[in-house]
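Visitor: Output the structure for:
(one chain, ligands or ions: 1)
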Amino acid sequence: MSRVLQMVEESSYLTIAKVAAITLVAIPVGLSIQRYFWRRDLRQKVWQRQTECQVAFKKLNDDLNSLNFDQEKLQAICDLPTSELKEGLQSGKYSALEVLAAYQTKAQNVTKRLNCVTEPILEAEADAKSLDEDTEKEGLLHGIPVSLKENYQLKGYDCTMGLVNLIGKLWEDDAVLIKVLKRQGAIPFVRTNIPQIMMTYECSNPIYGRTDNPFDASRTPGGSTGGEAALIAAGGSLIGFGSDIGGSIRVPSHFCGCYGLKTTLGRFSRKGTTSLSQGQTLVSGTIGPMARDLDGLVLATKAILCDYMYELDRSIPPLSFRDEIFQSKRPLKIGYYVNDGYLQSVPACQRAVMMAKTALEAQGHTVISFDPPDVPWMWTELYMKTVAGDGCRTFLEALQKDIPDDCVHMLLFSSKVPRWLIWCLKAIIGISTQDPVQTQSMTSLKGCRSVYEWWQQAKAVEAYKDKFLKKWSDLGLDGVICPVLACVAVPHGSVSSLLGAGTYSMLYNVLNYPAGSLPLTKVTSEDVQQLENYPDRRFFEKNIKKASEGSIGLPVNVQCVSLPFQEELVLRVMKEIETGLKSMGDH
Ligand SMILES: CCCCCCCCCCCCCCCCCC(=O)NCCO
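Guide: Numbers count the residues shown, from 1 in each chain. The predicted structure is shown next:
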């Protein structure tokens, strides 16, 4: 009897062991198979999308060939500054269709080199034809082709933000801004590339690939509105639109040498623009125009600030463009800085600010030194902790079942490290990087732990805004000029080791001040030589110095800032600097 029991016992042990062994093998095998099919589906979606884009480009090319326009005339159209093109369209010297063909041709050639356009907007041709039938030509942007960052919702198109899972989710309506543009006679004609999830200054994703900088293909055009900046700077578009929660309009404009304006939250309607940060309302992303010249930037701003936008979005205060502020001759008092108290800007960026200072003084304005308060603390405790307020959960969820791009790997890694491990790593990394602020930023990526903490965060942001404004008001400032970033365009793949350079831009997102990016100069050999004196003790400093090697000839912009809802004053400061430089024979 006991022998029988023993046998039963042995056989059940054997069965359990067999089941356990099979389970141990089956689960990982099953998961691998599931992963294989899931990745295969994603790759197939990417391939399908890429094929669709190729077909769209081919159709565009065929349409352009059939129109048979004179190529020299088309090139001449693309060389015109905004004011002359606008005049030519108004007077009938150029038709909307030929201007469109000119930019479609140019954009196609540019994107072959830089990969900045994701896809053409094929409805553009019909739009141009109907504009040519319109004798009134009332729109401020009548017949001007405009390019759009990929996250602007357009009827019949998707907004992927570089996420494969969002391919094919088509929008049923245009964004408010697109409706306004069309009402003003503009012709949306291409969509431009972005970095995956749009939270970095690079410009690559697994669907559309990587965009290169027009001045140096080994460098990034910046992000997240990188495709726009590259396209505009290379002559493939005159006016475009982007979005900015940490410098995404200003930084690519600076990296590529075009004009950009980050507006105050609430000045332009954001309805119909896509972003993963929509639920985060403390440091909100805003939108704004980018352009090849200042006239284009001003014209685009004027065109958007019209009654039709207020009709479409009743949450926007009806504040039309105030020409009296833009045209005013009142002498201004402007603050300036080249070092924000965290990372010193490189010599080229410092020189650009000093050039702007001299130009403003030549125009009769007063320019005084200004020190923005507590920038390192603002960066880690206000900016990073807020934009990563949910501990990066929204970003992580979006990336979880997707193909992460190289440009998000570092942030992905940092945001996945558990809080307890960060405390251990902080000690080790802190010693090696010599920068407690940088290590603190890793903790900030963990965000807020409770609603209570989020409320405290909101209070801290408000208190900082008050402190900053007091300093500004005590000095009686109208505006501030400073670098856009601590360095100029950096090599592809280096942004995550340089993130601290972004404090110059991120500050004005925390404050919600409008800020422009104005191209002023190019890096010279003297600027590069002077890098010898640039500090290199801390991690970010070392990387900034290294990234600045070989930067001769790259564009350098200056940031022009004013108080909330004073976009006209920002544009005026930009204009005064350009006029001042011209009068000094420098521009
Ligand atoms: C899972 C990885 C996601 C990590 C995201 C972490 C967010 C923390 C902040 C990182 C630093 C942000 C750099 C700012 C880049 C500019 C982004 C921008 O302005 N985007 C515009 C979006 O409309």
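
Visitor: okay, CA-based contacts and neighbour counts for the rest of this
Guide: Fine.

Visitor: secondary structure class for the residue of the stretch 401-550 of the chain found nearest the ligand?
Guide: The stretch 401-550 of the chain approaches the ligand most closely through L412 (3.8 Å), counting by Cα to the nearest ligand atom. Under the three-state scheme (DSSP: H, G, I helix; E, B strand; the rest coil), L412 adopts helix.

Visitor: Quick one: residues contacting it.
Guide: L396 (Cα atoms under 8 Å, 6 or more residues apart in numbering).

Visitor: Go again with 6 Å.
Guide: Contacts for L412 (Cα atoms under 6 Å, 6 or more residues apart in numbering) come out as none.

Visitor: For M161, see how far away it is.
Guide: With distances taken as Cα to Cα, to the nearest Å, L412 is found 16 Å from M161.

Visitor: which SS state does I481 fall under?
Guide: Secondary structure, three-state DSSP: I481 is strand.

Visitor: ok, now which ones touch it?
Guide: By Cα under 6 Å, 6+ apart, the contact set of I481 is 336, 559-560.

Visitor: Include distance to L511, pLDDT and neighbour count when you put those residues into JSON lines, please.
Guide: As requested, the contacts of I481 are exported to JSON lines (distance: Cα to Cα, whole Å; pLDDT from 0 to 100; neighbours: other Cα atoms under 10 Å):
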{"residue": "Y336", "distance to L511": "17", "pLDDT": "98", "neighbour count": "22"}
{"residue": "Q559", "distance to L511": "15", "pLDDT": "98", "neighbour count": "28"}
{"residue": "C560", "distance to L511": "14", "pLDDT": "99", "neighbour count": "29"}
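
Visitor: The ligand: which of these is nearest?
Guide: Taking Cα to the nearest ligand atom as the measure, Q559 is the one of the contacts of I481 closest to the ligand, at 14.8 Å.

Visitor: my read: that closest one touches L485, true?
Guide: No: the pair Q559 / L485 is not scored as a contact, 8.7 Å apart, by Cα atoms under 6 Å.

Visitor: any shared contact partners between the two?
Guide: Common neighbours of Q559 and L485 are not found (criterion: Cα under 6 Å, 6+ apart).

Visitor: What's the nearest residue in the stretch 251-400 of the chain when you look at the ligand?
Guide: Per Cα to the nearest ligand atom, L396 is where the stretch 251-400 of the chain lies closest to the ligand, at 4.3 Å.

Visitor: What residues does the stretch 201-350 of the chain have near the ligand?
Guide: Counting by Cα under 6 Å from any ligand atom, the stretch 201-350 of the chain comes close to the ligand at 201, 224, 243-248, 275, 285.

Visitor: Give me the buried subset of those residues.
Guide: 201, 224, 243-248, 275, 285 (16 or more other Cα atoms under 10 Å).

Visitor: quick one: which two of those residues are the most distant?
Guide: Y201 and S275 (15.4 Å; Cα to Cα).

Visitor: Extract the C-alpha set from stretch 235-246 and format it as PDB.
Guide: Extracted C-alpha coordinates of stretch 235-246, given in PDB (Å, rounded to 0.1, in the frame of the first residue of the first chain):
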ATOM      1  CA  GLY A 235      14.600  78.100 -48.500                       C
ATOM      2  CA  GLY A 236      11.800  75.500 -48.800                       C
ATOM      3  CA  SER A 237       9.200  77.600 -46.900                       C
ATOM      4  CA  LEU A 238       8.700  81.200 -46.000                       C
ATOM      5  CA  ILE A 239       6.400  80.800 -43.000                       C
ATOM      6  CA  GLY A 240       5.700  77.900 -40.800                       C
ATOM      7  CA  PHE A 241       4.100  77.000 -37.500                       C
ATOM      8  CA  GLY A 242       5.500  75.100 -34.500                       C
ATOM      9  CA  SER A 243       4.900  74.500 -30.800                       C
ATOM     10  CA  ASP A 244       7.100  75.200 -27.700                       C
ATOM     11  CA  ILE A 245       7.000  73.900 -24.100                       C
ATOM     12  CA  GLY A 246      10.700  74.200 -23.500                       C
END
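
Visitor: ranges for the strands of the stretch 101-250 of the chain?
Guide: 117-120, 145-149, 187-192, 204-205, 209-210, 239-244 (DSSP state E, counting those that start in this stretch).

Visitor: Point out the most buried one among these.
Guide: strand 204-205 (a mean of 30; mean count of other Cα atoms under 10 Å).

Visitor: Downstream of the lowest-mean-pLDDT helix or strand in the chain, the next helix or strand is which one?
Guide: Lowest mean confidence among the helices and strands of the chain (mean pLDDT, DSSP states H and E): helix 419-433, at a mean of 75. Later in the chain than helix 419-433, the nearest helix or strand by DSSP states H and E is helix 436-444.

Visitor: hmm, that next one touching the ligand?
Guide: No: Helix 436-444 stays clear of the ligand (Cα under 6 Å from any ligand atom), getting no nearer than 8.4 Å.

Visitor: buried set for the helix or strand following that helix?
Guide: Later in the chain than helix 436-444, the nearest helix or strand by DSSP H and E is helix 451-474. For helix 451-474, burial by neighbour count (16+ other Cα under 10 Å) applies to 454, 457-458, 461, 464, 468, 472.

Visitor: One more: stretch 575-582?
Guide: For stretch 575-582, by 16+ other Cα under 10 Å, it's 575-581.

Visitor: and the helix or strand hosting L518, what other elements does it pack with?
Guide: Element membership of L518, judged by DSSP H and E, is strand 515-522. Applying 3 or more Cα pairs under 6 Å, 6 or more residues apart in numbering; DSSP states H and E, we find strand 515-522 packed against strand 259-262, strand 555-561.

Visitor: re earlier: between the buried residues of stretch 575-582, which is nearest W377?
Guide: Nearest to W377 among the buried residues of stretch 575-582, counting by Cα to Cα, is I577 at 31.1 Å.
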